[in-house]
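1. Based on what follows, work out the 3D shape:
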Amino acid sequence: MADRLTQLQDAVNSQADNFCNSVGILQQMSQPSPLSGYGSSTTKVTTPDTDHTLLFAQMIARTAKDIEVLIESLPSEESTAELQAAGLQHLEQESEVAGEQLKETVKQGEQLLASIQAALHDISAKQLEMERIAAQECISAHTSAATL
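-> Prediction:
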């Protein structure tokens, strides 16, 4: 991705293209005006059916807004090294707090995982015990039926 200055330069170039193209459309669509003393020109100029006025107005307005946003995103003259250092220090403090919160959340998650694993182990042990009891009952039922 391009940096902000390159984006701004591209937007200004795009705006220049918009202005040049709009002047070209104006020249294409304008009616010639007669000049006094140079004869009378009665040539009929055909005008195109489409009017690009609204299109170019929207393009110029949108590009102007983009340029404004890009300019506002640039660092101001008031941004000194001290202000930047203070801002970085503030961000580092926020990062440390977020890191501590993350560590605490991970610790809680590990504790929850351990308790879930213990519960799953208990469930597995109970299922194995129930299967053993059911197998013993089945064996004793078959042996008692065979002895009768």
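
2. Look through the protein and tell me its longest helix.
-> Secondary structure of the chain read by DSSP state H shows that its longest helix is helix 81-147.

3. can you give me how far that helix is from the chain middle?
-> Averaging C-alpha positions (Cα atoms, centre = their mean, to the nearest Å) puts helix 81-147 34 Å from its chain's average.

4. helices or strands up against that helix?
-> Judged by 3 or more Cβ pairs under 8 Å, 6 or more residues apart in numbering; DSSP states H and E, helix 81-147 is in contact with no other helix or strand. No exception for glycine: its C-beta is placed from N, CA and C like everyone else's.

5. Could you list the low-confidence segments of the protein?
-> Where the chain drops to pLDDT under 70, the residues are 1-2, 39-49, 79, 148.

6. hmm, 90 instead?
-> Counting by pLDDT under 90, the chain has low-confidence residues at 1-5, 22-57, 72-87, 140-148.

7. Need the phi and psi values for Leu74.
-> When quoted as degrees, to the nearest 10, the phi and psi of Leu74 stand at phi -70, psi 150.

8. what's the closest non-adjacent residue to it?
-> In space, and not counting its chain neighbours, Leu74 is closest to Arg4: 6.0 Å by Cβ to Cβ, 6 or more residues apart in numbering.

9. mind checking how far the one you found is from Ile71?
-> Separation of Arg4 from Ile71 (Cβ to Cβ, to the nearest Å): 9 Å.

10. Between the two, which contacts overlap?
-> Here Arg4 and Ile71 have no joint contacts, going by Cβ atoms under 8 Å, 6 or more residues apart in numbering.

11. Checking Ser36 next. Helix, strand or coil?
-> The three-state assignment at Ser36 reads coil, by DSSP: H, G, I helix; E, B strand; the rest coil.

12. returning to what we had before: residue contacts, the residue nearest to Leu74?
-> The contact partners of Arg4, taken as Cβ under 8 Å, 6+ apart, are Leu70, Ser73, Leu74.
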